[in-house]
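# build me a model from this:
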Amino acid sequence: GEVLSAERIVASFADGQNEAVELSVSMDSDESDWVLSAPFVNELMGSAVGAVPTIVPIGDRQIEEYRVALSASSPYARMPLGLSVSSGHARIDGDQILLTGVGEVAIRANLAETPFSDATSVEETFTVSEVANPEGDADGDGVSNIVETAFGMNVESRDSSMIPSISIDQGLARYSFRPYRTDLRYLVESSSDLESWSTESTVHTEIDGRMELEVQVSPPKDGSEFLRLRVEAVE
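Got it, this is the predicted structure:
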């Protein structure tokens, strides 16, 4: 039998050479040789060689949906399926896709941790749209729709539990919140008149999934000093 690389094995099977091809495989564990015929490998995998994973179509989504069901299957009964985000603002959490920004998202399925990963993979793409009327306030809680999505809030229900908190101690103002979207930038701004605002230099720290922004503040010489947390799109 001819000794072939893992890539050549895949190519041979995919070309339909599954009658006469025999493969001599060296096993590092005990240094013995195994001769595998293509029909045996087909049986081992539980499916015809050349098949690819499948992903149930996801369809276009809105950012405020946050979580979308993910369903995919391996073509081989005995090989695990690997799922990853190829591009876009999203991440995979078990059998769900977490939407963390707008734009096109590509989900890749492949045969995980095997030499067949690159030979048999598939991608599913879909588009995530911005919340309708970003500057509006659908639930009337005083927080704009786009800001609610920035912190993972429900745009159709009054929910203040995710509102960032602020504390001031020894000249340090500290905002604590859970940033949800990766396509937005979170900025701390200051003003003495609530009309002109300037961006403050901040120190970012992440603790247990929550972001803390620290900014140095000095007591105003006269009048008042105001701080606000602003979000803007990342260019």
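
# what residue is smack in the middle of the protein?
With distances taken as CA atoms, centre = their mean, the residue of the chain nearest its centroid is residue 91 (1.6 Å).

# what residues are bridge-paired with it?
Here residue 91 sits in beta bridges with residue 98, as judged by DSSP bridges.

# same check, this time on residue 207
According to DSSP bridges, beta-bridge pairing links residue 207 with residue 210.

# which residue ranges form the helices in the protein?
Taking DSSP state H as the criterion, the chain carries its helices at 6-14, 38-45, 145-150.

# go through those and find the least confident stretch.
Mean pLDDT values for these show the minimum at helix 6-14, a mean of 46.

# my guess is residue 186 meets residue 231, correct?
Yes - the pair residue 186 and residue 231 passes the contact test of CB atoms under 8 Å, sitting 5.7 Å apart. All C-beta atoms are positioned from the backbone trio N, CA, C, and that covers glycine.

# now do the shared contacts for those two.
residue 150 (CB atoms under 8 Å, 6 or more residues apart in numbering).

# who touches the residue nearest to the centre of the chain in this structure?
By CB under 8 Å, 6+ apart, residue 91 lies in contact with 85, 97-98, 100.

# which stretches of the chain have low pLDDT?
1-51, 112-119 (pLDDT under 70).

# can you tell me the closest non-neighbouring residue to residue 57?
Leaving aside its chain neighbours, residue 57 sits nearest to residue 124 (6.7 Å; criterion: CB to CB, 6 or more residues apart in numbering).

# next, count neighbours for residue 53.
Neighbour count of residue 53, defined by other CB atoms under 10 Å: 23.

# sorry, that was for residue 168
Residue 168, neighbours per other CB under 10 Å, totals 11.

# and what of residue 129?
13.

# repeat for residue 88
If we define neighbours as other CB under 10 Å, then residue 88 has 22 of them.

# for it, which non-adjacent residue is spatially closest?
Using CB to CB, 6+ apart, the nearest residue to residue 88 is residue 105, at 3.3 Å.

# what does residue 134 give?
Nearest to residue 134 is residue 146, by CB to CB, 6+ apart, at 3.8 Å.

# and the closest residue to residue 130 other than its chain neighbours, how far is that from residue 65?
Spatial nearest neighbour of residue 130, chain neighbours left out: residue 102 (4.9 Å); criterion: CB to CB, 6+ apart. Residue 102 is 12 Å from residue 65, where distance means CB to CB, to the nearest Å.

# and the two? which has more neighbours close in?
More crowded of residue 102 and residue 65, by other CB under 10 Å: residue 102, with 21 against 13.

# wait, the more buried one sits on residue 63?
Yes - using CB under 8 Å, residue 102 makes contact with residue 63 at a distance of 5.5 Å.

# what residues are shared contacts of those two?
With CB under 8 Å, 6+ apart as the test, residue 102 and residue 63 both reach 128-130.

# returning to that earlier point: residues in contact with the residue nearest to residue 88?
Residue 105 sits in contact with 85, 87-90, 97, 99, 125-128, where contact means CB under 8 Å, 6+ apart.

# residue 215 against residue 227, yeah?
Yes - the criterion here is CB under 8 Å, and residue 215 meets it with residue 227 at 7.3 Å.

# joint contacts of those two?
With CB under 8 Å, 6+ apart, residue 215 and residue 227 have common neighbours 173, 188, 190, 200.
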